[in-house]
Structures are given as C-alpha cells and as structure tokens.
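turn this into a model:
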Amino acid sequence: MNPMEKHEGSKGSGPVIRFTLGKLPADLSPNRARRLHWGMRSRAAKAVRTESYISVRAAMPKQGFLTSAPQWKKAIVRLTFYFTLQRNRDADNLIAQAKPVFDGLEDAGVIENDRGLTPLPPVIVVDKNERERVEVEVWEDEARD
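Numbering: from 1, shown residues only. Next up is the predicted model:
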C-alpha cells in the first residue's frame, strides 16, 4: 500500500492518515456511561484520547506527513470496528464511544477543531479470528465550506 495513497470520492480527496487503536472501553458507550461515576468515564476517555494522539503522531511520518500535522480545517473520518462476537451494535453509539478518538486527532494537530470532523457511518466487521480493534482513516474534506 502506498503510504501517500489518496482517498478518491465524493466526500473529498487527498492523502489519508491511517492508524489502529485497541478495542474501545465499554465505559465510553453512551448506554453504560450514564450509569457510571463521571470519574471512571473520564479516565477511560483520557486513555483513549492519549492512545489516539500517540497512534496518529506515530503513523503520520510513515505515511508521508514528514514535517508536522496537516492542520486541516475540515476532515472526514471512517472508523472500522473489528469484533469477535456477532451482536446487534448501534452505529450511533459506536460513533459516540469514539469521541475521545476525535479529540486525540485535534490534540495531534490533524484538524484545527473536532467540530470540523465529519464521521462516516462506522464499518462493523465480525471475525472470530481477528483481534478486536478500531481502524481509523482520516482525510481532508475539500468539499465542505
């Protein structure tokens, strides 16, 4: 795979930043978070935000972003969730659970503000032979004003 592979499509084009995170903690799920003490949720969110920051900063030089983060005003993000068990999963809850990932992208300087981030509907892959993880792809949204 070419590290500067471009995303082509109706929702923007340009270089793609790809990185992988571990399974997101269940404590970040909106269904569970409302029953948790705010401190437990906060610790889980901080851990994911930090993992996202470290992972994206490590991935950028390998993918052709040699000087610094691109600092896009608007970007599109696609999340691919890998699970080992077949269950009914709510796509909206998965995106809400990934909010600290988006914050990590902002912390890393990929995007100026996560308000300019447009998440696509998540892709859900179930394979008992794969490890549970989240693959993140981010590219600039040149079509939005």
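
for the closest residue to residue 75 other than its chain neighbours, give me its contacts.
Leaving out its chain neighbours, the residue that sits closest to residue 75 by Cβ to Cβ, 6 or more residues apart in numbering is residue 111, at 4.9 Å. For the C-beta atoms, the positions are set from N, CA and C on the backbone; glycine is no exception. Shown in contact with residue 111 (Cβ atoms under 8 Å, 6 or more residues apart in numbering): 71-75, 105, 117, 138.

strands of the chain, residue ranges please.
6-7, 14-22, 75-83, 117-119, 123-126, 133-140 (DSSP state E).

partners of the fourth one, with directions?
Think strand 117-119. Strand 117-119 sits in its sheet next to strand 75-83 (parallel), going by DSSP bridges.

so what pairs up with the nearest residue in space to residue 59 that is not next to it in sequence in the strands?
Closest residue in space to residue 59, ignoring its immediate chain neighbours: residue 19 at 4.0 Å, by Cβ to Cβ, 6+ apart. Beta-bridge pairing of residue 19 under DSSP bridges involves residue 136.

if I look at residue 19, how far off is residue 130?
With distances taken as Cβ to Cβ, to the nearest Å, residue 19 is found 17 Å from residue 130.

higher neighbour count, these two?
residue 19 (24 against 11; other Cβ atoms under 10 Å).

can you give me the buried ones in stretch 62-75?
63, 65, 69-70, 72, 74-75 (16 or more other Cβ atoms under 10 Å).

next, the angle from the longest helix along the chain to strand 133-140.
In the chain, assigned by DSSP state H, the helix with the most residues is helix 38-62. When axes from the mean of the first three to the mean of the last three Cα atoms, to 10 degrees is applied, the directions of helix 38-62 and strand 133-140 differ by 60 degrees.
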